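Participant: I'll drop the sequence and a predicted model, then ask my questions.
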Amino acid sequence: IRAGLVLKLKLDVGAQYILDREKEYHARALSRWTKMQNFILLGPHSESCLPIISFLVGHPGTGLYLHFNYVVALLNDLFGIQVRGGCLCAGPYMQAILGLDQNLTQEYENILLEDSRLDRVGLRRGHEEHSQWEVLRPGVTRLNLAWFSSHQEIDFIIEAVSLVVEHGWKLLPLYRFNNETGDWYHAANTKFKDRRWLGHISFKSGKMEHLGATTPQGHLEVAPESFDKVIKLAKETFDAAPHFAKREQLPDQRTIFDEQAANLRWFVTPSEARTCLLEPDQSLKITPPFQPLRYSVDGSRPIPGSLYPHPAHHIPLQPYLQNILQQRSLFKFEDWINKAKVENAHENMNGSTERATKNADDDSSIRLNVNSDAIVDQVNSGPNSKQTNNVNSITTIQKNGKQTIHENGTPNIELNGNIDGAMNGNENEEVLDNSNACSDGSCVLPGGKRETEIPKLKANTAQWKSPPKEIFKLFLEAVTEFDMIKDGDKVLVGLSGGKDSLSLLHTLRQYTYYARKTGINFTMGAVTVDPMSSAYDPRPLIPYLEQLGIEYLYEEQDIMSQAMKIDASSICAFCSRMKRGRLYAAARRKGYNVLALGQHLDDISESFLMSIFHNGRLRTMKASYTNSEGDIRIIRPFVYVRENALRHFAESQKLPIIAENCPACFEAPKERQRVKQLLAQQELLFPRLYWNLKTALYPVMKVNKTGLESLIFGKSSGGGDVINQLTTSNGVTTKMALDENGAKMEENGGASCQLSDDEDF
């Protein structure tokens, strides 16, 4: 009966009337939206098309796009307009209009597949598929302009979409996303306050009743009376966006994406939008992994950059269906393009498809992962060109599944094709495998000496900088709570040249003025240990500290050569221990009784989880403790400060950050980075995660002597009586005996190690 009523209504209204209304609404909407720079119309549209419009919204600050689910949420929250977002049903067609070739589509498919190692039964996932990176799935926003809508309603929808296209990104800092589901929601809507289920409905009284519906509804605001008032409120909300963004404490959401996911991320994050809104000069342009095909509203003229120059004459239905049905293997994007019979298509193609096919068939291209300090000696653009690269940190290359290592640690890389493409990282090229690049001695300086002169610094360049309140307030809280600095102390700052240690140096300097008012007088100096690695040169700090006017100890020790001589199983662990011994020796030699290190709350939290995951122990970096000899107190004044605050301070004040590019420590995937990404993902769901960890970790950080945590938390490993003992994963014990110069070491077995109580993680 209902179907009959629908057909009767259609006949009475008249098909031509419906078509005319749809044509009118379609033309009215596109005439407004296609004039907007950030509106990206997807798919060909002619006068005969239905008013079903798929689009993306570009973000001018980063070059990325707004996530389609965010656009859906914003249209609903601000205007009460329900639209659809996602891949929709026509997968191959959607891949085509988004500009996804076969290789890129395969990359997305691989990252969206559920990890087969997950215990689906234990996770109670049933038959549903889950992915850690569902948020990366490409898609579009789609809306339908219904013919039965009034002109006033259509004008309201057009204006609402226009506002979202132009200003929607400004409200991103107020929204959160779930990387596992792809859902976006307002920060205040983490819970469904008035959600009702079928179980809340009862018919026992003879009528429908809502059980438990006693929650007062008075807190719900009344909807505006007219569309004009809705638009006015939306504009006021967009105008207040900077004020809202300042109140939001957002983590750097880019850190949750590992290298593979980061290369496939096509949407702007709330933290990036906040930076663009409040600090536009700090925003970075990013090239998205795909570029949607640009279509013209007028289907009668060619479309620059499109696969099909005449959308009105797109692929005929029958040949297209035959092409799909005849495929015995997975659908291939290139086959669809090459085999489809499209009138005049081949004469007007821009060549992008041919290049994509050529790159897909070429296995010889290589992408170089080169540090910013790379020096390319010679480049020839011929078909068999050779390149000699003097980047010591890169010693292994992978080509056609094979590794090649140059005997002297400097790789000779043979490139087929254009070197520019390799340096820019084309999408179909392989990546160098440098996960163990320092193990062959490529980071060792010949003779253990640097040949170049110490960099010079222009006079009166270095100046003391005052930290912002968000850093200094938490610094004071930690220093006071753990009684870190006392009257008469001599504090030596461990200065690596990174953002954390440089920020600590300037913050301690500011604290000297504050401490004097409370009767605490202390002196401070700085120390740097140069391990004589070609990938890390901290010498620019020498003239910088000289201009700042404090005592600076520059300790040189050929740690890398020593690691090669004894064939250290873990260069990172060896280097860390040797540096610590040298720091202690320098402090004792100059009479310093306090060593200040720059680890922050993020480091403390990551170390805690690593200790639980791998060692089964409740321990992390201590806030303030005395070493096993009892003559040096080690403090970490930044244990309550977030890493992103220190990064912002160091970058905004243009502190001379020294990049430490040792491949053994930074380029290879490490456990700490994995834990960092884990915490970043959880922080999206629980914005106060790190502040809750700060409270929970207080008893663990408060341990003030080496070995006490073993007694306090129930697992004894000999306490402080066992000096520098490390236990490997296979049970083999390693002992290090360091003299006061940190120059001696004895090792027995083992590769990956568990750090001792006095270790720096």
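Facilitator: Yep, it's here. Only a predicted model underlies this, so the values are computations on that prediction, with no experimental measurement involved.

Participant: all strands of the stretch 451-600 of the chain, in order?
Facilitator: All strands of the stretch 451-600 of the chain, identified by DSSP state E, counting those that start in this stretch, fall at 490-494, 523-530, 551-556, 594-596.

Participant: Give me the contact list for the longest one.
Facilitator: Right, strand 523-530. Residues outside strand 523-530 that contact it (Cβ atoms under 8 Å, 6 or more residues apart in numbering): 489-497, 505, 508-509, 512, 536-539, 541, 545, 550-557, 579, 582-583, 586-587, 590, 592, 596. All C-beta atoms are positioned from the backbone trio N, CA, C, and that covers glycine.

Participant: who are the neighbours in contact with Arg619?
Facilitator: By Cβ under 8 Å, 6+ apart, the residues touching Arg619 are Phe608, Ser611, Val700, Val703, Glu709, Phe713, Asp757.

Participant: Including distance to Trp33, neighbour count and pLDDT, could the residues you listed go into TSV?
Facilitator: Below are these laid out as TSV (distance: Cβ to Cβ, whole Å; neighbours: other Cβ atoms under 10 Å; pLDDT from 0 to 100):
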residue	distance to Trp33	neighbour count	pLDDT
Phe608	50	22	94
Ser611	54	20	91
Val700	56	21	90
Val703	61	21	87
Glu709	62	24	70
Phe713	61	14	71
Asp757	63	23	39
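
Participant: Secondary structure and distance to Phe522 added to these, as JSON lines?
Facilitator: Formatted as JSON lines, these follow (DSSP: H, G, I helix; E, B strand; the rest coil; distance: Cβ to Cβ, whole Å):
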{"residue": "Phe608", "secondary structure": "helix", "distance to Phe522": "30"}
{"residue": "Ser611", "secondary structure": "helix", "distance to Phe522": "32"}
{"residue": "Val700", "secondary structure": "helix", "distance to Phe522": "27"}
{"residue": "Val703", "secondary structure": "coil", "distance to Phe522": "23"}
{"residue": "Glu709", "secondary structure": "helix", "distance to Phe522": "28"}
{"residue": "Phe713", "secondary structure": "coil", "distance to Phe522": "32"}
{"residue": "Asp757", "secondary structure": "coil", "distance to Phe522": "27"}
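
Participant: correct me, but Ala650 touches Leu502?
Facilitator: Yes - contact criterion Cβ atoms under 8 Å: Ala650 and Leu502 qualify, at 5.7 Å.

Participant: Common neighbours of those two, please.
Facilitator: When contacts are counted by Cβ under 8 Å, 6+ apart, Ala650 and Leu502 are jointly contacted by Ile657.

Participant: between those two, which one's more packed in?
Facilitator: Counted by other Cβ atoms under 10 Å, Ala650 and Leu502 do not tie: Leu502 has more neighbours, with 26 against 21.

Participant: are any of the contacts of strand 523-530 buried, and which?
Facilitator: If you count burial by 16 or more other Cβ atoms under 10 Å, the buried members of the contacts of strand 523-530 come out as 489, 491-497, 505, 508-509, 536-539, 541, 545, 552-555, 557, 579, 582-583, 586-587, 592, 596.

Participant: For this protein, which residues score under the pLDDT cut-off?
Facilitator: Along the chain, segments meeting pLDDT under 70 span 88-89, 115-130, 190-200, 211-221, 295-443, 567-570, 660-670, 707, 710-711, 714-761.

Participant: So which bits of the strand or helix carrying Gln682 are buried?
Facilitator: Gln682 belongs to helix 671-685 when assigned by DSSP states H and E. Using 16+ other Cβ under 10 Å as the test for burial, helix 671-685 gives Arg672, Val675, Lys676, Gln677, Leu679, Ala680, Gln681, Glu683, Leu684.

Participant: Same question for stretch 6-22.
Facilitator: Neighbour-count burial for stretch 6-22 flags Arg21, Glu22 (criterion: 16+ other Cβ under 10 Å).

Participant: now do the same end-to-end measure for it.
Facilitator: By Cα to Cα, to the nearest Å, the extent of stretch 6-22 from end to end equals 18 Å.

Participant: Identify all contacting residues around that stretch.
Facilitator: Leu50, Pro51, Leu145, Trp147, Phe148.

Participant: Closest to Phe68 out of the buried residues of helix 671-685?
Facilitator: Distance to Phe68 across the buried residues of helix 671-685 (Cβ to Cβ) is lowest for Leu684, with 18.1 Å.

Participant: Give me the contact list for the helix holding Gln682.
Facilitator: With Cβ under 8 Å, 6+ apart as the test, helix 671-685 has contacts from 132, 176-179, 251-253, 255-258, 602, 605-606, 609-610, 613-614, 689-690.

Participant: Which elements pack onto the helix or strand following it?
Facilitator: Using DSSP H and E, the helix or strand that directly follows helix 671-685 along the chain is helix 689-696. Applying 3 or more Cβ pairs under 8 Å, 6 or more residues apart in numbering; DSSP states H and E, one finds that helix 689-696 makes contact with helix 601-615, helix 671-685.
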